[in-house]
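Trainee: Quick one, structure for this:
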Amino acid sequence: MFARTITENAELRPLEPWQAAEFLAHVDKARANIEPYIPWAELVVDEESARAFLQRYAVRQAEDAGRLYGIWLDGELVGGLLFRTFEPRWGSSEIGVWLDGHAEGHGLVTRSAQVLIDWALGDRGMNRVEWRCVPANARSVAVAQRLGMTLEGTLRQAFPYRDQIHDLQIWSLLRSEWEARAER
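Mentor: Numbering: from 1, shown residues only. Below you'll find the model as predicted:
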């Protein structure tokens, strides 16, 4: 097990199937804040579905195809990040995030995402990290900008969710951009 300190009272840790009850309690508390943008929030409704979601990512991690991390603030699970896609052969990955509303405004997502980006581009040698969000999710757009990502474009009406078809922005950071920033 590892924990990565992201602020003096917050840490980033793996989120695993044995934590299903804690994860469910977190999703129940954060549901109103995350459900408008995160489809899996509708699927995690009991401990069994929470464990199944976490198990899917445990398998993906074992296959080097995805990973899942939680953010704990003062010992409480308040959000998380995942590599929704992770393709070492192609050098491409996508980070997804979520956070309970009461934990917003502390830089937890930005700092945690930077840890994942540094690991993917630096340690793992990936070439590209993507960030996808609906344009209406201003907080997600702001994080992509703070991370120094480039808006590559908007896929029009590409994300069907909750009886609507939303546009989807694609942001990215390339390893060459990440390296150039590190050199400065």
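Trainee: contacts and neighbour counts: CA atoms only from here.
Mentor: Will do.
Trainee: now the helices for this protein?
Mentor: 20-34, 47-62, 108-118, 138-146, 175-183 (DSSP state H).
Trainee: Pull the number of nearby residues for residue 101.
Mentor: The tally of other residues near residue 101 (other Cα atoms under 10 Å) stands at 15.
Trainee: Please read the previous query as pertaining to residue 91.
Mentor: 17.
Trainee: Over to residue 130?
Mentor: 23.
Trainee: and what of the one 10 residues further on?
Mentor: By other Cα under 10 Å, 21 other residues sit near residue 140.
Trainee: And the pLDDT at it?
Mentor: pLDDT recorded at residue 140 is 95.
Trainee: Now do the contacts for it.
Mentor: Neighbouring residues of residue 140 by Cα atoms under 8 Å, 6 or more residues apart in numbering: residue 133.
Trainee: Out of the helices of the chain, which is closest to residue 156?
Mentor: Ranking the helices of the chain by proximity to residue 156 (Cα to Cα) places helix 138-146 first, at 16.2 Å.
Trainee: related to what we said a few turns ago, quickly compare the helices of the chain and say which is most buried.
Mentor: Among the helices of the chain, helix 108-118 has the highest mean neighbour count (mean count of other Cα atoms under 10 Å), at a mean of 20.
Trainee: Could I have the CA atoms of it written out in CSV?
Mentor: Written as CSV, here are the backbone C-alpha positions of helix 108-118 (Å, rounded to 0.1, in the frame of the first residue of the first chain):
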residue,chain,number,x,y,z
LEU,A,108,-7.1,18.4,-4.6
VAL,A,109,-8.0,17.3,-8.1
THR,A,110,-5.4,19.4,-9.8
ARG,A,111,-2.6,18.2,-7.5
SER,A,112,-3.7,14.6,-7.7
ALA,A,113,-4.1,14.7,-11.5
GLN,A,114,-0.6,16.1,-11.7
VAL,A,115,0.7,13.1,-9.8
LEU,A,116,-1.0,10.8,-12.2
ILE,A,117,0.3,12.8,-15.2
ASP,A,118,3.9,12.8,-13.9
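Trainee: Measure how it sits relative to helix 175-183, angle-wise.
Mentor: Using axes from the mean of the first three to the mean of the last three Cα atoms, to 10 degrees, the inter-axis angle of helix 108-118 relative to helix 175-183 is 110 degrees.
Trainee: Need the helices of the chain in a markdown table (columns: distance to residue 152).
Mentor: Shown next, in a markdown table, are the helices of the chain (distance: least, Cα to Cα, whole Å):
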| stretch | distance to residue 152 |
| --- | --- |
| helix 20-34 | 24 |
| helix 47-62 | 27 |
| helix 108-118 | 18 |
| helix 138-146 | 12 |
| helix 175-183 | 14 |
